[in-house]
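Novice: Could you look at this predicted model? Sequence included:
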Amino acid sequence: QKEVEQNSGPLSVPEGAIASLNCTYSDRGSQSFFWYRQYSGKSPELIMSIYSNGDKEDGRFTAQLNKASQYVSLLIRDSQPSDSATYLCAVNFYNQGGKLIFGQGTELSVKP
Amino acid sequence: GAGVSQSPSNKVTEKGKDVELRCDPISGHTALYWYRQSLGQGLEFLIYFQGNSAPDKSGLPSDRFSAERTGGSVSTLTIQRTQQEDSAVYLCASSLEPGGTEAFFGQGTRLTVV
């Protein structure tokens, strides 16, 4: 099992739709979870962090965390073509000294 | 500084040469991470520092790779006897503390070994 797993995509959604991105992780002791956005040729940019079970909303973005299921997701409402990018899930591996591990990323394409 | 700074932005080197990549983290950030990203791939963890010590070096691909951090600030990633498969973007990130605070990335160093 990979430490952090994401569907590689590409995920294609029409403009205005909800995009749903998913991530699972292997370290049951992990406490901190992050979503990054990476445009082609650029470095990753932090968009959300979540530490507690449940939902966390920030504008059009909602992060959801379920520690019992070792699952974290990101919802993007009213998707825009400018949201087209690769979305990276990152998990802080508490039981491995706190290193920050990334999934392979999900490529999102929002079609006008 | 205002953000994480990496230098150089681009480096072209001949196979077999040594290279040094530099990362200057956000002021006050105690945790520093190095990753490698090959074209079209995800972020491969290399090493991370808590202050000047590296609790986890498990991601370094071979003994040609080494890293150090001095004064709890600047870090240098050194690749000896570069090979073509070392060609990638090397990314550095820093966070206020290890163990789960938000990490911010520099712009990366694109290394090309010819």
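Specialist: Looks like it came in fine.
Novice: now the helix or strand of chain A with the lowest mean pLDDT, how far from the centre of its chain.
Specialist: Ranked by mean pLDDT, DSSP states H and E, the weakest helix or strand in chain A is strand A:99-102, scoring a mean of 91. Going by C-alpha atoms, centre = their mean, to the nearest Å, the spacing between the C-alpha centre of strand A:99-102 and its chain's C-alpha centre is 13 Å.
Novice: Next secondary structure after it?
Specialist: Scanning the chain past strand A:99-102 towards its C-terminal end, the next helix or strand to appear is strand A:106-111 (assignment: DSSP states H and E).
Novice: Just give the nearest non-adjacent residue to the residue in chain B that chain A sits nearest to, would you?
Specialist: For chain B, the nearest residue to chain A under the criterion C-beta to the nearest C-beta is residue B:100, separated by 3.1 Å. All C-beta atoms are positioned from the backbone trio N, CA, C, and that covers glycine. Computed as C-beta to C-beta, 6 or more residues apart in numbering or on different chains, the closest residue to residue B:100 that is not its neighbour in sequence is residue A:32, at 3.1 Å.
Novice: Confirm for me that the one you found is in contact with residue A:48.
Specialist: No. With contact defined as C-beta atoms under 8 Å, residue A:32 does not reach residue A:48; the gap is 11.7 Å.
Novice: who's in contact with residue 83?
Specialist: You didn't pick a chain, so chain A it is. Contact criterion C-beta atoms under 8 Å, 6 or more residues apart in numbering or on different chains gives A:19, A:76, A:108, A:110 as the residues in contact with residue A:83.
Novice: if you could check chain B rather than the one you did, that'd help
Specialist: Applying C-beta under 8 Å, 6+ apart, we find residue B:83 in contact with B:15, B:64, B:113.
Novice: Which members of those residues are classed as buried?
Specialist: Burial by neighbour count, judged by 16 or more other C-beta atoms under 10 Å in any protein chain shown, picks out residue B:113 from the contacts of residue B:83.
Novice: Near chain A, which residues of chain B are found?
Specialist: Applying C-beta under 8 Å from any C-beta of the partner chain, one finds that chain B approaches chain A through B:31, B:33, B:35, B:41-43, B:45, B:48, B:50, B:55-56, B:91, B:93, B:95, B:98-108.
Novice: 10 Å instead?
Specialist: For chain B, the contact set with chain A under C-beta under 10 Å from any C-beta of the partner chain comprises B:4, B:6, B:31, B:33, B:35, B:37, B:40-45, B:47-48, B:50, B:54-56, B:58-59, B:89, B:91-93, B:95, B:97-108, B:110.
Novice: Just the ones of these in strands?
Specialist: Those of the residues of chain B next to chain A mapping onto strands are B:6, B:31, B:33, B:35, B:37, B:44-45, B:47-48, B:50, B:54-56, B:89, B:91-93, B:95, B:103-105, B:110, per DSSP state E.
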